[in-house]
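Trainee: sequence plus the predicted model coming up.
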Amino acid sequence: MTDAILEGLNEQQKEAVCCLEGPLLVLAGPGTGKTRVITRRIANLMAHGVDPRRILGVTFTNKAAGEMRSRVQALVGGASPLLCTFHSFCARFLRIEGPNIGLSPDYTIYDEEDSANAMKNVAKAMGLDEKQFPARSLRRWISNLKNRGIGPDGAPSHTFRDRIIQEVYAEYEKLLRRSQALDFDDLLLRAVRLLEENTAVRERYQDRYRYILVDEYQDTNACQYHLMKILGDRWRNVCATGDPDQSIYGWRGADIRNILNFEKDYPDAKVIRLEENYRSTGTILRCASSLIRHNRSRKEKDVWTRNPAGRKARLAVLADDSLEAYEVAATAEGWMRSGFRAGDIAVFYRTNAQSRPIEAALVESAIPYRIVGATMFYERKEIKDILAYLRLVANPSDEESLRRVINVPRRGLGEAVVKMLEDEARRKGIGLAALVFDRSAWPASLGGRRREALEGFADLISKAREKAGGKVETLVRHILDATGYLESLDEREEADRIANVEELVNAAAQFDADNPDGGLTRYLEEVALLTGVDRWDPSEDRVTLMTLHMAKGLEFPAVIITGLEDGLLPLQRIPDDRDDEDAERAALEEERRLFFVGITRAKRELVLMRAKARRRYGDYRTSMPSRFLDEIPRACLQIDDKATPSWAELHSGRRGGEPDDRDGFETYGRGCARRCRSDTDGEFAGDGAARRRRSQEGSEDGEGDHSADDREPAEQAAADDPPAKQPARRAAGRPVETDGGESQESPFDIEPGDRVSHHKFGVGVVESVTGSGLSAKATVRFRAVGRKILLLSMARLKKE
DNA sequence: AACTCTACGGTTTTT
DNA sequence: CCGTAGAGTT
């Protein structure tokens, strides 16, 4: 048994797996087998006879938790310990213990949008100017307070703004309370408070969890930190794993000091460093190490590898973001031709907005892809509408959900009626929801037609409530029927919405199948706490697109990181009023860590890209190379400049296969509005003459000379590659115009007549394909369920 | 109450 | 550029 548990581990890993008692900190560089250590350690605990119910493992995503669970099960079998995210742990804890603090077991979890809406309503009721106090800013300010464990009473009240925020905060809390709802921050905050204040509950849980593991400890915030501190206090068998160099959530309250101070919190802690990397090539690792070395506040750690050096990373320089996107497609195609599967390839970017042109290029090139995260399925309007009905059924106090659906689809209960009901509720001192579901409380002024409409609505909800105990799928279908929601959508204009709703029915059915005794509340909780990666199916053979943040914890054989431009990566922050130099440096260092995370996802191939101009809000802005590129050793980079026109092209009046309407692009960044504070700006902003002269010295292949100096600006030599080299390569940057050009009509090669299979509907035949790109839809006649319209980018159709 | 039009503003990153 | 929210119109 012990053999299997320790098999194939190095000394440090073994040490970590075998150190079962007492506080333990595992500092694990990227690719050093951290997940392996955690799962083996859990298995080892169980092999030593520890009851799995006494083990708690907290991870960053549900997917990570699920993977660990199955790996542990493969090693030791039997019951699984509780493996979940911080948020889902707290959600479950509060389902059970909530009644201690007056919280219904059926409480609703408000997501970011719900919270912002609630805050908007609060601000409106207070008569605040929306421009001066935008709901999202309010939400952010209050979230910051909550993350630091500060209630409305403890909030600062020095300035006028402070006092407004304080009041909004207090009103918002009232709204949540009467709605029996918690936002994301509350889940953590309320759980911690309950544990702090209720000795009996605290001791029960402290006693239960004899062994606690926390993954990604570098990204815990104050609440999460306290939670762990409290829960681990009884047995002090707390194992934290993480990597300070991969701390990327400072902006949402994560405090890197939690991991840096672990040894202070637990003076008897054992600290183990995992430094041998098994994931990446030597060159990729060297890029990452050189980069991260530029962070000043850092715990020194040297990750090394026995892996071969591998190929250089390529830096592709493109004229604009659309050409960058085509280069992404061309690069992926090249990899696929040389034996990589689409599923081996990942494309990372800093902001979600960057995915659009890339998507378009991939569609055009008929390369299968999937975006992870972005506008997530469960954030779509139509989905949230249906979910709001479900929530209202589960929790009749939920005011936000009530407001959302009371007139959807239109049933004559518009703004005026809601206003009237609101006033009446205030007069009676009850919540809006309480009023709506209590006929005797309705105002006399509610006239015949409106009264009928409201009766219809209240009946609808209470009828649905009778079905709440059964399968979620049944309830969803009932609600669709009873509301006429699908009929209210325009078959032609909103076909993708209809398809999405169909998908939701499938998802609900899937949940019912996976959780035979699940129940509506569990379903809503699961949906609310799904992370972006949780809905990602890595077994699908598609190129994966995601933000750098979501890439954390994953690995891919071949990786493209786009948008290596100053202002984008590192991203330019909006100047805050309390902007001191330290904060600025901390922010820059976090951006550097983000890039570090991206690079270290790559196993074999790494391509970086930057565009000299980028479309933003409709017009083009020129952009400078990312300062981070200068921090990667020249010897590790092969620069592939497809944007600088060659001598021949300049003199023939043509440029890089580009249409000629792009004049003005070469004004390199003189007009760059974004970055004018850096003193190096002058040097970059010029047309490169100075750079050219300087870099002549090191020219061409500087590997031997420069290997010791990792700080030599990498890209400078690039601009000076002999022009003659350029034209031949440029073709790859152009749109792919092959295959008769019809590929847009059927992005994933699905055509009328094809036999396809769907995970829910089974086998069917494609009747027609309409639309193009992202909104491409197929009408499929399924043997079992008849004709369905499916959105190709949503439905996971497999060709038979 | 519901529809149409216009103006504005949004891009960090996510549970 | 795009979608949404608010105002204005019927």
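Mentor: In hand now; what should we look at?

Trainee: for the rest of this, base every contact and every neighbour count on C-alpha atoms.
Mentor: Fine.

Trainee: what does the stretch 501-650 of chain A put close to DNA strand B?
Mentor: A:529-533, A:547, A:549-550, A:571, A:573-574, A:616-617 (Cα under 7 Å from any atom of the strand).

Trainee: for ChimeraX, what selects the buried ones among those residues?
Mentor: Of these, the buried ones can be selected in ChimeraX as follows, counting by 16 or more other Cα atoms under 10 Å:
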select /A:529,530,531,532,533,547,549,550,571
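
Trainee: and the residues of the stretch 501-650 of chain A next to DNA strand B as TSV, adding distance to residue A:474, secondary structure and pLDDT?
Mentor: TSV is the format used below for those (distance: Cα to Cα, whole Å; DSSP: H, G, I helix; E, B strand; the rest coil; pLDDT from 0 to 100):
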residue	distance to residue A:474	secondary structure	pLDDT
A:529	22	helix	91
A:530	22	coil	85
A:531	25	coil	80
A:532	26	coil	80
A:533	28	helix	82
A:547	36	strand	93
A:549	37	helix	94
A:550	34	helix	91
A:571	46	strand	92
A:573	47	coil	75
A:574	47	coil	67
A:616	45	strand	85
A:617	44	coil	81
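
Trainee: between the residues of the stretch 501-650 of chain A next to DNA strand B, which is nearest residue A:229?
Mentor: For these, the residue nearest residue A:229 by Cα to Cα is residue A:529; the value is 23.1 Å.

Trainee: the closest residue to DNA strand B within chain A and residue A:186: what is the separation?
Mentor: With Cα to the nearest atom of the strand as the measure, residue A:531 is the residue of chain A nearest to DNA strand B, at 3.0 Å. Distance check for residue A:531 against residue A:186: by Cα to Cα, to the nearest Å, it reads 17 Å.

Trainee: which parts of the stretch 551-700 of chain A are strands?
Mentor: Taking DSSP state E, counting those that start in this stretch as the criterion, the stretch 551-700 of chain A contains strands spanning A:556-561, A:602-616, A:619-622, A:637-641.

Trainee: the longest one versus strand A:556-561: what angle between them?
Mentor: An angle of 20 degrees separates the directions of strand A:602-616 and strand A:556-561 when computed by axes from the mean of the first three to the mean of the last three Cα atoms, to 10 degrees.

Trainee: may I see the buried residues of strand A:602-616?
Mentor: Here strand A:602-616 shows A:602-614 as buried, counting by 16+ other Cα under 10 Å.

Trainee: quick check: pLDDT value at residue A:716.
Mentor: On pLDDT, residue A:716 comes in at 42.

Trainee: just the helices in the stretch 51-200 of chain A please.
Mentor: A:62-76, A:86-97, A:112-125, A:135-147, A:160-179, A:184-197, A:199-208 (DSSP state H, counting those that start in this stretch).

Trainee: can I get those in a markdown table with mean neighbour count, mean pLDDT and distance to residue A:326?
Mentor: What follows is the helices of the stretch 51-200 of chain A, written out as a markdown table (neighbours: other Cα atoms under 10 Å; pLDDT from 0 to 100; distance: least, Cα to Cα, whole Å):
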| stretch | mean neighbour count | mean pLDDT | distance to residue A:326 |
| --- | --- | --- | --- |
| helix A:62-76 | 18 | 91 | 31 |
| helix A:86-97 | 20 | 96 | 39 |
| helix A:112-125 | 19 | 86 | 34 |
| helix A:135-147 | 19 | 86 | 35 |
| helix A:160-179 | 19 | 90 | 46 |
| helix A:184-197 | 20 | 95 | 38 |
| helix A:199-208 | 15 | 97 | 54 |
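
Trainee: export these as JSON lines, with columns for distance to residue A:284.
Mentor: Output for those, formatted as JSON lines (distance: least, Cα to Cα, whole Å):
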{"stretch": "helix A:62-76", "distance to residue A:284": "24"}
{"stretch": "helix A:86-97", "distance to residue A:284": "32"}
{"stretch": "helix A:112-125", "distance to residue A:284": "37"}
{"stretch": "helix A:135-147", "distance to residue A:284": "36"}
{"stretch": "helix A:160-179", "distance to residue A:284": "47"}
{"stretch": "helix A:184-197", "distance to residue A:284": "37"}
{"stretch": "helix A:199-208", "distance to residue A:284": "43"}
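
Trainee: any idea which of the ones you listed gets closest to residue A:357?
Mentor: The closest of these to residue A:357 is helix A:112-125. By Cα to Cα, the value is 26.0 Å.

Trainee: which elements pack onto the closest one?
Mentor: helix A:135-147, helix A:160-179, helix A:399-405 (3 or more Cα pairs under 8 Å, 6 or more residues apart in numbering; DSSP states H and E).

Trainee: hmm, try it at 10 Å
Mentor: strand A:108-110, helix A:135-147, helix A:160-179, strand A:181-183, helix A:184-197, helix A:399-405 (3 or more Cα pairs under 10 Å, 6 or more residues apart in numbering; DSSP states H and E).

Trainee: up against DNA strand B, what does the stretch 251-400 of chain A have?
Mentor: Close to DNA strand B, as judged by Cα under 7 Å from any atom of the strand, the stretch 251-400 of chain A has residues A:251-252, A:350-353, A:373-374.

Trainee: average pLDDT across the strand or helix carrying residue A:513?
Mentor: Following DSSP states H and E, one finds residue A:513 within helix A:495-514. Mean pLDDT, helix A:495-514: 90.

Trainee: likewise stretch A:292-303?
Mentor: 89.

Trainee: do stretch A:623-632 as well
Mentor: The average pLDDT within stretch A:623-632 is 95.

Trainee: quick one on the thing from earlier: what residues are up against the residue of chain A closest to DNA strand B?
Mentor: Residue A:531 sits next to A:60-63, A:85, A:372-373, A:376, A:550 when contact means Cα atoms under 10 Å, 6 or more residues apart in numbering.

Trainee: okay, and for the stretch 651-800 of chain A, where does confidence drop off?
Mentor: The stretch 651-800 of chain A contains residues with pLDDT under 70 at A:651-748, A:758-762, A:768-778, A:782-798.

Trainee: and residue A:325, how close does it get to residue A:625?
Mentor: 17 Å.

Trainee: burial count for residue A:455?
Mentor: Number of residues near residue A:455 (other Cα atoms under 10 Å) recorded here: 15.

Trainee: touching, it and residue A:437? I think so.
Mentor: Yes - in this structure, residue A:455 is within contact of residue A:437 by Cα atoms under 10 Å, at 9.1 Å.

Trainee: give me the common contacts of these two.
Mentor: Common neighbours of residue A:455 and residue A:437 (Cα under 10 Å, 6+ apart) are residue A:461.

Trainee: contact partners for the residue of chain A most remote from its centre?
Mentor: The outermost residue of chain A, judged against the average C-alpha position, is residue A:444 (48.8 Å), by Cα atoms, centre = their mean. Counting by Cα under 10 Å, 6+ apart, residue A:444 touches A:424, A:451.

Trainee: three-state assignment of it?
Mentor: Assigned with DSSP: H, G, I helix; E, B strand; the rest coil, residue A:444 falls in the coil class.

Trainee: pLDDT score assigned to it?
Mentor: Predicted confidence (pLDDT) for residue A:444: 88.

Trainee: now do it against residue A:406, distance only.
Mentor: Residue A:444 is 20 Å from residue A:406, by Cα to Cα.

Trainee: same question, residue A:201
Mentor: 39 Å.

Trainee: got a list of what the closest residue to residue A:598 other than its chain neighbours touches?
Mentor: Spatial nearest neighbour of residue A:598, excluding adjacent residues (Cα to Cα, 6 or more residues apart in numbering): residue A:548 at 5.9 Å. By Cα under 10 Å, 6+ apart, the contact set of residue A:548 is A:248, A:347-352, A:561-562, A:594-599, A:601.

Trainee: kindly report the same for residue A:475.
Mentor: Counting by Cα under 10 Å, 6+ apart, residue A:475 has contacts A:389-390, A:393, A:464-469, A:481, A:505, A:508, A:520.

Trainee: hmm, try it at 6 Å
Mentor: Applying Cα atoms under 6 Å, 6 or more residues apart in numbering to residue A:475 gives the contacts residue A:467.

Trainee: cool, residue A:310 as well?
Mentor: Residue A:310 touches residue A:281, counting by Cα under 6 Å, 6+ apart.
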